[in-house]
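**Q** Below is the sequence, then the predicted model.
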Amino acid sequence: MAVLQTPHAHEMQPLPTAGRRSRWRLALLSMLLSLSIAFNIYFLFAAPPIDTSNTLFITLWLVSFLPYLAACILVLVTKPQVGRSKWIELGLILLGALTLRAIIVPVFPDLSHDSWRYLWDARVTLHGYSPYVHGPASPLYISLRDFVYDNSRFRNVPTIYPPGAQAIYLLSYLIAPSNLLVLKGIFVGFDVITCVALAFLLRRKGLDMSRCIIYAWCPLPIIEFAIEGHLDALTITFTVLAILCAGASWRGSRVVTGFLIAMAALTKIYPIILLVVVVRRRDWALLTTCFATIIIAYVPYLILG
């Protein structure tokens, strides 16, 4: 009877609780985020100057994928957070995404000169010329040349960037002329919006919102947008928002979806393929909005050119 009345010692130990598991997962993610931040602080002070050897930089950048991969595996193989812990963890991921990008925005591009051309296009447009007609080396632009021109490439070729991208270049130039950090800051803002949109898209699918970490902490878009300042940040944001909006049922969602697809295609051409996926039968509101937006965006440059 004593055996029945007295449980074994190991049976008396409390089982791990969901609260403990959530604290451990949050603590590990915080530690891995700290390692990633340490790498980016190093990149801030040790990034090579423009047009110099970047072998060491690229090597360390590849090593910086290790804490990122560990964080992704942790989120994918452990149980999702619940209740308040779910939102705390998502906040950590999104704040980490912003921090990782903001740290290295002051670093000037060392792998690509494309972002300087964005500033040049804005300057040409604001002086009443179409960047689609002449390249930067045209004698027409001699009075506009300065360090932005010196850092631009493909000077004999007119711009290839569509009007949606040009609109963001103009916005940056109006805020702070010839300021590359402001332009990159705008790109980073768009990229963080992408992270938030991905979290809500995951929630709609019934998946763990923390899986947005796969994009949010990935060193590839962080370097490409925060340091190199590539416009693809705009394309990704408009594309993800279009997909998120395409699954909505609120009034006007089809019009907004058409506008977002148009804006994505006005930064890079390929997102127009989304129409194959999202268009429904007799979806005239979406199609009309999409193509009308694209046509209207080109009108100012037809006038200038």
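**A** Yep, that arrived. Numbering: from 1, shown residues only.

**Q** ok, residues contacting stretch 121-137?
**A** 117, 120, 140-141, 144-145, 148-149, 152, 154-159, 161, 166, 169-170, 172-174, 177-178, 301, 304-305 (CB atoms under 8 Å, 6 or more residues apart in numbering). Heads up, the C-betas are built off the backbone N, CA and C, glycines and all.

**Q** Sorry, slip of the keys, the one I care about is stretch 80-96.
**A** So stretch 80-96 is in contact with 18-19, 22, 25-26, 29-30, 33, 36-37, 192, 195-196, 199, 208-210, 212-213, 216-217, going by CB under 8 Å, 6+ apart.

**Q** Stretch 215-224 too?
**A** 33, 36, 39-40, 61, 64-65, 68, 71-72, 93-94, 96-97, 100-101, 104, 191, 194-195, 198, 230, 232-233, 236.

**Q** Put the alpha carbons of it into PDB.
**A** Extracted C-alpha coordinates of stretch 215-224, given in PDB (Å, rounded to 0.1, in the frame of the first residue of the first chain):
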ATOM      1  CA  TYR A 215      13.300  37.400 -44.000                       C
ATOM      2  CA  ALA A 216      13.600  40.000 -41.200                       C
ATOM      3  CA  TRP A 217      17.000  38.900 -40.000                       C
ATOM      4  CA  CYS A 218      18.500  37.600 -43.200                       C
ATOM      5  CA  PRO A 219      21.900  39.300 -43.900                       C
ATOM      6  CA  LEU A 220      21.300  39.400 -47.600                       C
ATOM      7  CA  PRO A 221      18.500  42.000 -47.800                       C
ATOM      8  CA  ILE A 222      20.000  43.800 -44.900                       C
ATOM      9  CA  ILE A 223      23.300  44.400 -46.700                       C
ATOM     10  CA  GLU A 224      21.600  44.900 -50.100                       C
END
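
**Q** residue boundaries of the helices in the stretch 201-305 of the chain?
**A** Secondary structure of the stretch 201-305 of the chain (DSSP state H, counting those that start in this stretch): helices located at 213-216, 219-221, 232-246, 253-265, 274-278, 284-304.

**Q** Include mean pLDDT when you put those helices into JSON lines, please.
**A** Listed next are the helices of the stretch 201-305 of the chain as JSON lines, based on pLDDT from 0 to 100:
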{"stretch": "helix 213-216", "mean pLDDT": "97"}
{"stretch": "helix 219-221", "mean pLDDT": "96"}
{"stretch": "helix 232-246", "mean pLDDT": "96"}
{"stretch": "helix 253-265", "mean pLDDT": "96"}
{"stretch": "helix 274-278", "mean pLDDT": "92"}
{"stretch": "helix 284-304", "mean pLDDT": "94"}
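
**Q** quick one on the thing from earlier: now, which of the contacts of stretch 215-224 lie within helices?
**A** Among the contacts of stretch 215-224, DSSP state H puts 33, 36, 39-40, 61, 65, 68, 71-72, 93-94, 96-97, 100-101, 104, 191, 194-195, 198, 232-233, 236 in helices.

**Q** before we move on, back to that, turn the helices of the stretch 201-305 of the chain into a markdown table, columns for distance to Phe108 and mean neighbour count.
**A** What follows is those, written out as a markdown table (distance: least, CB to CB, whole Å; neighbours: other CB atoms under 10 Å):
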| stretch | distance to Phe108 | mean neighbour count |
| --- | --- | --- |
| helix 213-216 | 24 | 23 |
| helix 219-221 | 18 | 18 |
| helix 232-246 | 17 | 23 |
| helix 253-265 | 28 | 24 |
| helix 274-278 | 34 | 15 |
| helix 284-304 | 29 | 15 |
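
**Q** Now distance to Thr78 too, for those, in TSV please.
**A** Output for those, formatted as TSV (distance: least, CB to CB, whole Å):
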stretch	distance to Thr78
helix 213-216	12
helix 219-221	22
helix 232-246	25
helix 253-265	34
helix 274-278	32
helix 284-304	39
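
**Q** Of all these, which one is nearest Lys184?
**A** helix 232-246 (9.2 Å; CB to CB).

**Q** In three-state terms, label Val133 for me.
**A** Following DSSP: H, G, I helix; E, B strand; the rest coil, Val133 is assigned to coil.

**Q** Then the one 3 residues further on?
**A** Secondary structure for Pro136, judged by three-state DSSP, is coil.

**Q** quick revisit: of all the helices of the stretch 201-305 of the chain, which lies closest to Leu111?
**A** Of all the helices of the stretch 201-305 of the chain, helix 219-221 comes closest under CB to CB, at 12.0 Å.
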